[in-house]
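>>> All I have is the shape, not the residue letters:
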């Protein structure tokens, strides 16, 4: 039995983004942020998330400039790191995820915290946090710890894409990011929703303005 459906990848993307722009209220977003929001909506398959996206107007420009300068992308989880499309990165940027680092269990036990918190401490200790692009898609504790470490050390990421998902701490960590007086450029989805898919969609869109291919040029 034959079915009629679109089976060309570029056509599927093109029609998806047409539907998203038709069904979503995007008026409040600057053009570069709108491009990213469309990709986030695509990843979530939910135009309603547009109303709950919080951002600083310069977040996309700051993140893009950092990537162009060779900054690393610091990820809280393997899922987040794996989803970043390397061919989109303008300077073959390093994608860092310490979650499998054997040092984390010991550090977490020593400080009575999560391994993702310990990973943030390692980012700072290794001099990676300052000027980086932080991508947090799973762990609220990592987002809280980024704010704490930035305040404690003065190391400031160039931009934070902080969209952890969950019932415990996710909404609160994102509220803390938005309310922070650290002056961090940020992009988030308020509330419990989020996750690695939405986070990497945002990072991939920041890395390349091309909606229809994986190329960064």
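Alright, I've got the coordinates. These numbers come from a predicted model, not from an experiment.
>>> Mind listing residues that contact the host helix or strand of residue 134?
Residue 134 is part of strand 133-136 when elements are defined by DSSP states H and E. The contact list for strand 133-136 (Cβ atoms under 8 Å, 6 or more residues apart in numbering) reads 63, 66-67, 71-76, 80, 84, 142-143, 146, 157-164, 199-200, 202-203, 206. No exception for glycine: its C-beta is placed from N, CA and C like everyone else's.
>>> any idea how far residue 209 lies from residue 35?
The gap separating residue 209 from residue 35 is 6 Å, by Cβ to Cβ, to the nearest Å.
>>> more crowded one of these two?
residue 35 (19 against 14; other Cβ atoms under 10 Å).
>>> How far off centre is the helix or strand the more buried one falls within?
Using DSSP H and E, residue 35 maps to helix 31-44. Helix 31-44 sits 12 Å away from the centroid of its parent chain (Cα atoms, centre = their mean, to the nearest Å).
>>> cool, and stretch 159-177?
The mean C-alpha position of stretch 159-177 is separated from the chain mean by 11 Å, Cα atoms, centre = their mean.
>>> next one: stretch 82-97
The chain centroid and the centroid of stretch 82-97 are separated by 12 Å under Cα atoms, centre = their mean.
>>> buried set for it?
By neighbour count on 16 or more other Cβ atoms under 10 Å, the buried set for stretch 82-97 is 83-84, 88-89, 93, 95-97.
>>> check contacts around residue 142.
So residue 142 contacts 76, 114, 116-117, 119-120, 136, 164 (Cβ under 8 Å, 6+ apart).
>>> Show me what the helix holding residue 35 packs onto, helices and strands only.
Counting contacts by 3 or more Cβ pairs under 8 Å, 6 or more residues apart in numbering; DSSP states H and E, helix 31-44 is packed against helix 9-23, strand 53-55, helix 59-68, strand 186-189, helix 196-207.
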